[in-house]
Structures are given as structure tokens and as C-alpha cells.
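In: here is the input, now give the coordinates:
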Amino acid sequence: MEKLTCFKAYDVRGELGVNFDAAIAYRIGRAVARHFRAKKIVVGMDARESSPDLAEAMSLGIMDEGSNVLDLGLAGTEEMYWAVTHFGACAGIEVTASHNPINYNGIKIVKSGSRPLDDIEEFQVIKTLAEHNSWLEAPHKGKIENISTHARAAYVERVVSFVDVSALKQLKIVINSGNGAAGPTFDAIASELDKTGANIDFIRMHHAPDHTFPNGIPNPILPENHAETSSFVRAEHADFGIAFDGDFDRCFFFDQSGNFVPGEYIIGLIATIFLEKEPGAKIVHDPRVIWNTQRIVEEKGGSPIQSKTGHTFIKQTMRSENAVYGGEMSAHHYFRDFAYCDSGMIPWLLVAELVSKSGKSLGEWVETSFQKFPSSGEINFKVKDADRAIQNVLDQYLKLALHVDRTDGVSLSFENWRFNIRKSNTEPLVRLNLEGRGASAGLDEHFQNLKSLVDL
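Out: As a prediction, this is how the structure comes out:
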């Protein structure tokens with residue numbers, strides 16, 4: 001039995017020709033079909049050069065197991081999510097490496113209802129089946145059906161339904177697709193908005209999918225990747241800008257001055273939007289940076305609910321609580337009425353509606369949050385021993401904390417600042433986030449103290 005090291009904490013990711021290739025994709029496709037005894041499985045792919053061959057091999061594995069393939073072709077992960085629900089499929093698979101280096105690729109898998117896989121009872125079982133690579137001949141071969149046109153139309157209809165299109169005012173919005181999969185799907189949404197009379201001027205940059213990624217791998221969360229989108233927003237005098245990652249399940253915002261708006265502040269903003277639409281609703285957030293989100297949700301009469309970081313946990317919490325929206329500071333935004341899945345297209349539509357209705361700019365909407373609750377953003381430390389590094393921090397700070405929370409890693413709260421520290425699930429990293437109450441919180445000094453304990 002060959003161990004497959006491309007299986008990570010939540011999905012499949014590997015280096016091409018090293019621990020991931022078409023033969024492994026075939027085995028994974030077949031394993032998914034066997035485990036779910038699937039009648040039909042949705043398959044989509046991102047814009048990477050290797051993705052068509054991997055998707056073809058995986059589809060062949062699915063069909064050899066006797067299951068039918070509903071083929072999306074080039075599509076974002078969220079299009080796969082919605083197609084699974086819309087077409088009543090038994091599972092869905094997206095071939096994507098999102099923001100990973102160009103020599104990587106991977107697979108994201110969901111089951112019926114677009115639900116995440118249980119790690120032990122499903123994900124690990126699929127891994128074991130793929131590792132054993134022992135198959136019985138199916139009584140019949142499955143077939144493949146191209147559903148790309150129908151699926152995209154259904155997807156566009158759903159995401160546009162989140163806003164009142166008639167309320168959209170004349171706006172100018174910069175869109176940076178990063179030469180990933182976002183461009184064609186965005187164009188379909190823009191076309192639908194145009195049909196309804198929405199008067200939005202979209203300024204597209206790096207829009208066409210290009211597997212060579214001439215402008216770099218689309219990973220807009222990195223500070224070094226902010227400048228180009230920021231400059232475009234300022235040069236075009238745009239109302240705001242959006243940048244997508246490779247499979248566009250995350251979107252990143254820039255205000256009218258070209259300033260990057262961190263994801264933790266967007267959570268509070270989208271919570272505001274939904275609590276206006278649905279007073280008293282429940283809002284789920286991750287535990288890394290929380291004070292601004294909790295303040296907004298409570299002031300608006302909603303219920304903030306904390307969940308462990310990661311799409312599986314956020315989605316599970318949202319389902320159990322019937323929460324209307326959930327957000328992670330990493331720019332994943334989840335919506336109850338989108339099968340509890342994350343979307344990179346719905347957030348910018350909601351912000352466009354908010355700016356249109358209010359007459360306030362994006363920058364004005366988040367300015368107060370910036371001032372009241374400064375945040376460090378997530379800082380990663382590459383360490384030899386993550387457990388020891390975290391224990392060093394706890395030895396120094398635990399006895400001083402006013403509140404301790406272990407939802408995900410450890411969060412320690414003090415009078416006017418707090419921090420969350422946790423290990424990466426997939427890399428030898430310690431991840432640190434700090435936040436404060438007001439400019440006097442002294443986050444820089446606290447960070448330097450923590451850094452000296454972690455960065456050994």
C-alpha cells in the first residue's frame with residue numbers, strides 16, 4: 001500500500017510529479033465515487049496548466065467506478081459547491097491549488113448538500129481507499145455530461161439574489177482576477193447585472209485566465225501583492241477594488257483610497273448588512289480577532305457565535321446554529337442561503353449594495369473599526385518546535401490574563417488587548433494575532449515581547 005502524503009488537514013494538496021499526479025487523481029476520484037456509492041459527482045477545475053489533465057483522470061476514475069460525472073469545466077470552487085446542491089449530486093470535487101506555488105495542485109471535496117467531509121468517517125476512508133488502489137470492475141461505466149452553461153446560469157442567479165439590484169447606484173469598481181479562474185464567472189455576473197439595469201463600471205485587470213500567471217500567483221492576502229490593485233483603484237478614482245485568489249472562494253477589499261481592508265473588518269461589515277436584512281440573526285466568527293465583530297453584532301441586536309478556525313468547523317457551527325452568515329479573517333465568507341458555503345463573489349455584491357444605499361464609502365464604513373479595534377493581522381513564525389514556542393508564551397502571559405479561551409489554540413485577553421496563538425495544521429508554523437481597544441493598546445510593544453518568546 002502506497003501512503004499518499006498529498007492528503008492534508010482539510011483537502012488534498014501536493015507538488016506535481018513529487019506526491020501528486022494524474023494517477024493519484026484517478027485513484028481519489030474512484031475512491032470518492034466508491035465511498036459515497038455515488039450516482040453523480042460534480043467536477044470543476046481552476047486555471048492551472050495541470051488542472052485539465054488532473055480533472056480528466058479523476059473523472060475517468062469516477063466513471064470506472066460506475067458513477068456519472070457532471071462536468072463544470074473551468075469554474076471556481078464555489079460554483080462546484082452550488083452545483084452539488086442545485087443538481088442534487090452525491091459529491092463534488094474541485095481541482096485547484098488556489099494560491100499555492102505554480103508547481104502544486106490539489107483537490108477540494110464535498111458531499112451531498114455541499115457539506116464538508118467528516119475527517120474520520122469520510123476523508124480518511126477516501127484516503128485509505130485511494131492508498132490501497134484495489135478496485136473491482138463496476139457492472140457498468142459511468143458517463144460524463146457537460147453542465148457548464150446550465151450550472152453557471154444557476155450559480156449566477158443565486159449569487160445575484162443576495163442583493164437588491166434595483167438599489168445599486170452608479171459605481172466604479174476595480175476587479176483584479178489575478179489571471180485565475182475568476183474572470184469568466186465574474187463576466188457572467190456582470191452581464192446579469194447589466195441586464196437588470198445596474199449601472200456599474202467595472203475596471204478589469206489581469207482578467208483573462210492564464211496558466212503561466214504572468215503577474216504572479218494570485219494570493220492577495222500577502223502585503224507585497226497589494227500595491228498593484230491599490231494603484232489601480234487610485235488611478236481610476238474607483239469606489240473600491242476587489243482582488244481574488246486562484247479559485248476565487250476568497251475576495252479581498254481595497255477602499256476608495258486604495259487602502260487594503262483586512263478580512264477581520266470585512267466580517268463586521270457583512271454582519272452589519274445581514275443584521276439589517278434579518279434582525280436578531282446569529283453571526284459566526286473565528287476566534288483569532290473578535291472584538292470588533294462582537295461589538296458590531298451585539299450593537300445591532302444579533303448573536304455573535306465563536307467557532308474554531310477552518311471551513312469544516314465554521315460550516316458545522318452555522319448549520320447547528322442556523323446562522324445567516326459566518327466569516328473568517330482569512331477572507332472566507334460563508335452564507336446560509338448559499339448551502340452554508342463560502343463565496344468570493346457574494347461579499348463584493350453586498351458591499352456594492354451597502355455603499356449604494358448608504359452613500360458612505362467603504363473607507364468610511366470601516367474607519368471607526370480601525371480606530372476602535374486595531375489589529376496586527378496574522379503573523380506567521382517558522383519554528384523548529386511549535387509546542388515549545390507556544391508554551392514559552394503561556395509561561396509568561398497565562399498568569400496575567402483576565403480571560404483564557406482554547407477554542408482554537410489559546411486566546412488570552414487583558415484589559416485593553418488580547419492575542420491568539422496557535423499551530424498551523426499543515427506547516428511548521430506558529431500563527432499569532434493581536435488586537436487592542438484603541439490606539440493606546442500598545443500592540444507594537446506587545447508584539448515585540450511575544451516575538452522574543454516565539455522566534456527562538
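In: output the below-cut-off pLDDT ranges for this protein.
Out: Across the chain, the ranges flagged by pLDDT under 70 are 426, 456.
In: tell me which stretches of it form helices.
Out: Remark: helices assigned in the chain by DSSP state H are 22-36, 51-64, 77-86, 124-132, 148-160, 182-195, 227-236, 263-277, 291-299, 311-321, 346-358, 362-372, 386-397, 443-454.
In: how about those, which one is nearest F254?
Out: When the helices of the chain are compared by CB to CB, helix 227-236 sits nearest F254, at 5.1 Å. (Each C-beta comes from the backbone N, C-alpha and C, glycine too.)
In: dump the closest one to PDB, keeping only the CA atoms.
Out: C-alpha atoms of helix 227-236 as PDB (Å, rounded to 0.1, in the frame of the first residue of the first chain):
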ATOM      1  CA  ALA A 227       0.300  47.700  -4.400                       C
ATOM      2  CA  GLU A 228      -0.900  47.000  -7.900                       C
ATOM      3  CA  THR A 229      -4.600  46.800  -7.100                       C
ATOM      4  CA  SER A 230      -4.200  49.700  -4.800                       C
ATOM      5  CA  SER A 231      -2.600  51.800  -7.500                       C
ATOM      6  CA  PHE A 232      -5.400  50.900 -10.000                       C
ATOM      7  CA  VAL A 233      -8.100  51.900  -7.500                       C
ATOM      8  CA  ARG A 234      -6.500  55.400  -7.000                       C
ATOM      9  CA  ALA A 235      -5.700  55.900 -10.700                       C
ATOM     10  CA  GLU A 236      -9.200  55.100 -11.700                       C
END
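In: list the buried residues in that helix.
Out: Using 16 or more other CB atoms under 10 Å as the test for burial, helix 227-236 gives 228-230, 232-234, 236.
In: hmm, who's touching that helix?
Out: Counting contacts by CB atoms under 8 Å, 6 or more residues apart in numbering, the residues outside helix 227-236 that touch it are 172, 174, 176, 203, 205, 215, 220, 238, 240-241, 243, 254-260.
In: setting aside sequence neighbours, what's the nearest residue to N380?
Out: Spatial nearest neighbour of N380, chain neighbours left out: L429 (4.9 Å); criterion: CB to CB, 6 or more residues apart in numbering.
In: would you reformat the buried residues of helix 227-236 as TSV and include distance to N380?
Out: Shown next, in TSV, are the buried residues of helix 227-236 (distance: CB to CB, whole Å):
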residue	distance to N380
E228	23
T229	22
S230	22
F232	27
V233	27
R234	29
E236	33
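In: which one among the residues you listed gets closest to G326?
Out: Closest approach between the buried residues of helix 227-236 and G326, by CB to CB: T229, at 25.5 Å.
In: coming back round to it: which among the contacts of helix 227-236 count as buried?
Out: Buried among these by 16+ other CB under 10 Å: 172, 174, 176, 203, 205, 220, 238, 240-241, 243, 254-256, 258-260.
In: ok so, going back, can you list which of the contacts of helix 227-236 are found in strands?
Out: Applying DSSP state E to those, the entries found in strands are 172, 174, 176, 203, 205, 240-241, 243, 254, 260.
In: for the residue nearest the centre of the chain, give the beta-bridge partners.
Out: The C-alpha lying nearest the average C-alpha coordinate of the chain belongs to H332 (CA atoms, centre = their mean; 3.4 Å). Counting by DSSP bridges, H332 forms beta bridges with E328.
In: list the buried residues in stretch 90-102.
Out: For stretch 90-102, by 16+ other CB under 10 Å, it's 90-100.
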